[in-house]
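Enquirer: Here's a sequence, model it:
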Amino acid sequence: MRADNTHHLAAATRRRVEATHRRARTALRRLDNTGRPVNFESLAKEARVSRSWLYSQPELRAEIERLRDRHQPRQPHPSVPPRQRASDASLLRRLEAATDRLRKLEAENQTLREALAYALGQRRIDDVTSRSQ
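Expert: The predicted structure is shown next:
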């Protein structure tokens, strides 16, 4: 019977996991200190780990998200000066005009479909009549 050496495997696994965590934390600090973008992809490349592994590590994930948000410049919302803003009444009129235009186009479409169906029917009748003669 062989000796149970699984504790060696477990110890090696623990060392590998600790080394991977250490590599990821070091890479995270390096990215942050150099001002490079901090995100899952950049950290995965820098630390030589997979993105899926990073997503599965809650403490690293939280730190990546915190640093990513801190480094990303906020996109200012372009504000329209008050004098150029459309009033609710103006927007409502535009919506009503668009709705009216849509109704007219739908009616026109229906008329054209009916005219096409009639023309195709007439053509079929003419074809049948000309063949029977």
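Enquirer: can you tell me the average pLDDT over the longest helix seen in the chain?
Expert: Criterion DSSP state H: the longest helix present in the chain is helix 88-132. Across helix 88-132, the average pLDDT comes to 94.
Enquirer: Might you calculate how far that helix sits from the centre of the chain?
Expert: Relative to its chain's centre, helix 88-132 lies at 37 Å (CA atoms, centre = their mean, to the nearest Å).
Enquirer: Can you give me the distance of E108 to R94?
Expert: 21 Å (CB to CB, to the nearest Å). Bear in mind the C-beta positions are built from the backbone N, C-alpha and C, glycine included.
Enquirer: no wait, D126
Expert: Counting by CB to CB, the gap from D126 to R94 is 47 Å.
Enquirer: Please give the three-state secondary structure assignment for the residue lying closest to R94 once chain neighbours are set aside.
Expert: Sequence neighbours aside, A86 is the residue nearest to R94 in space, at 7.7 Å (criterion: CB to CB, 6 or more residues apart in numbering). Three-state call for A86 (DSSP: H, G, I helix; E, B strand; the rest coil): coil.
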